[in-house]
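K.L.:
mind looking at a prediction? Sequence and model below.
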Amino acid sequence: MDIRSGMKNKRPTLQDVADLVGVTKMTVSRYLRNPDQVSPPLQIKIAEALEDLGYIPNRAPDILSKSKSHAIGVLVPSLTNQVFAEVIRGIESILEPAGYQTMLAHYGYSKEAEEARIAALLSYNVDGLIISESYHTERVRKMLSVAGIPVIEIMDSISPPIEQAIGIDNQAAAYAMTECMIQKGHQKIVYFAARMDQRTLQRIRGYKAAIHDSGLQEMCLSTDSASSFTLGEQFMKEALAKQPDTDGIFCTNDDLAIGALYACQKAGINVPKDIGIAGFHGHNIARVMVPLLATVITPREEMGRLAAEHLLSRLQGNPVTQRIINLPFQIEMGESI
């Protein structure tokens with residue numbers, strides 16, 4: 001049996017913290033309510049003990065701490081991004097018929113916010129977690145190691161998982177699309193990147209590898225800001241200003257690609273004759289554009305369904321049969337490259 005698949009009895013208790021510090025459980029409880037209620041030296045000792053043990057506060061009624069809550073925590077970086085809306089739809093299509101409630105949280109691509117959200121979800125004694133990030137703070141890793149529940153990471157099949165990962169090879173997908181653009185005759189290809197999360201960094205590596213393997217010159221425009229149609233337009237203008245003979249644009253998602261394509265149309269630049277443009281993810285709008293957008297189609301809803309199915313299986317006491325599940329992506333050539 002998977003040691004994380006059922007009981008939650010591995011979590012450190014207030015008594016564990018008190019014993020480590022050498023104080024009473026009541027003292028630790030007072031500190032958690034208001035740190036100023038204990039002396040400054042004791043504040044430091046208790047804080048260190050909480051950190052060392054990976055203590056998780058319990059906000060749920062006591063009855064829930066001794067049984068299943070029938071709630072699954074789902075953590076995504078954005079609730080407005082269509083990519084994650086489709087993942088959530090896949091998750092809920094499996095969990096709801098099985099009688100599980102989804103507790104949804106988002107972290108805005110911030111490791112610190114992810115840490116706070118995971119602590120909050122665990123404090124409500126969720127039975128399992130589906131999280132969409134593969135790189136975490138040490139505190140997150142400590143909390144997950146003592147939580148005693150199954151954890152599945154999605155979206156990325158390359159990074160080493162905590163327990164189990166279901167996703168795609170973002171680097172290979174970006175390499176494949178860049179290679180297709182080169183084969184179509186594009187030589188001055190610029191990569192547009194936003195957010196700069198780990199998946200975007202993997203795609204940049206794939207783009208650069210394909211460019212270098214073909215003996216071409218790379219160029220990447222990036223920002224930590226959110227992607228948008230207007231950002232795609234801004235990047236397009238910047239790319240042409242820096243490299244007037246740009247003949248290809250590969251974007252880390254479809255939003256940027258659509259913005260870049262419309263910017264070209266407004267400027268009288270023919271796509272794909274003058275500039276080829278490709279996106280990533282295969283949003284529905286890409287299927288009705290003129291020209292049809294070339295994009296990497298990712299199995300987002302299937303990813304959500306599989307994550308939920310494997311989580312339920314592990315909650316039933318079944319072991320992890322596949323630590324990493326690498327789902328296939330599809331290159332859609334469209335009409336824009």
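P.N.:
Cool, the structure landed. Source: prediction; values computed, not measured.
K.L.:
skip ahead from the helix or strand containing L312 and say which helix or strand is next.
P.N.:
Secondary structure assignment for L312, by DSSP states H and E: helix 300-315. Using DSSP H and E, the helix or strand that follows helix 300-315 in sequence is strand 324-326.
K.L.:
do you know how far the most centrally placed residue in the chain is from S222?
P.N.:
Of all residues in the chain, the one closest to the mean position by C-alpha atoms, centre = their mean is S132, 3.2 Å from it. S132 sits 21 Å away from S222 when distances are taken as C-beta to C-beta, to the nearest Å. C-beta here means a position set from N, CA and C on the backbone, and glycine is covered the same way.
K.L.:
surely the residue nearest to the centre of the chain and G73 touch.
P.N.:
No. Contact status for S132 versus G73: not in contact, 11.6 Å apart, counting by C-beta atoms under 8 Å.
K.L.:
now the helices for the stretch 201-337 of the chain?
P.N.:
229-242, 254-266, 300-315 (DSSP state H, counting those that start in this stretch).
K.L.:
coming back round to it: how much space is there between the residue nearest to the centre of the chain and Y107?
P.N.:
9 Å.
K.L.:
over to I182?
P.N.:
I182 is 36 Å from Y107, by C-beta to C-beta.
K.L.:
over to A278?
P.N.:
For A278, the distance to Y107 - C-beta to C-beta - is 28 Å.
K.L.:
these two: who's more crowded?
P.N.:
A278 (31 against 20; other C-beta atoms under 10 Å).
K.L.:
residue contacts, the more buried one?
P.N.:
Residues near A278 by C-beta atoms under 8 Å, 6 or more residues apart in numbering: 177, 180-181, 248-251, 257, 293-296, 334, 336-337.
K.L.:
okay, buried residues for stretch 22-31 please.
P.N.:
Neighbour-count burial for stretch 22-31 flags 23, 27-28, 30-31 (criterion: 16 or more other C-beta atoms under 10 Å).
K.L.:
okay if I get those residues as a markdown table plus distance to H283 and pLDDT?
P.N.:
Formatted as a markdown table, the buried residues of stretch 22-31 follow (distance: C-beta to C-beta, whole Å; pLDDT from 0 to 100):
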| residue | distance to H283 | pLDDT |
| --- | --- | --- |
| V23 | 55 | 88 |
| T27 | 54 | 87 |
| V28 | 49 | 86 |
| R30 | 52 | 83 |
| Y31 | 48 | 88 |
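K.L.:
grab the two from those that are most spread out in space.
P.N.:
Spatially, the most separated pair among the buried residues of stretch 22-31 is V23 and R30, at 9.7 Å (C-beta to C-beta).
K.L.:
can you tell me the closest non-neighbouring residue to S225?
P.N.:
A194 (6.2 Å; C-beta to C-beta, 6 or more residues apart in numbering).
K.L.:
tell me if L75 really is in a helix.
P.N.:
No. Going by DSSP: H, G, I helix; E, B strand; the rest coil, the assignment for L75 is strand, not a helix.
K.L.:
that one and H136: what is the separation?
P.N.:
From L75 to H136 the distance is 11 Å (C-beta to C-beta).
K.L.:
more crowded one of these two?
P.N.:
Neighbours of L75 and H136, each counted by other C-beta under 10 Å, are more numerous for L75; the result is 22 against 18.
K.L.:
now the closest residue to that one other than its chain neighbours: how far from D247?
P.N.:
Using C-beta to C-beta, 6+ apart and skipping residues adjacent in sequence, the residue nearest L75 is I131, 4.5 Å away. Distance of I131 to D247, given as C-beta to C-beta: 39 Å.
K.L.:
likewise Y100?
P.N.:
Taken as C-beta to C-beta, the span from Y100 to D247 is 50 Å.
K.L.:
more neighbours: which of the two?
P.N.:
Taking other C-beta under 10 Å, Y100 and D247 do not tie; Y100 has more neighbours (23 against 18).
K.L.:
distance from stretch 204-213 to the middle of the chain?
P.N.:
Its chain's average C-alpha position is 22 Å from that of stretch 204-213, according to C-alpha atoms, centre = their mean, to the nearest Å.
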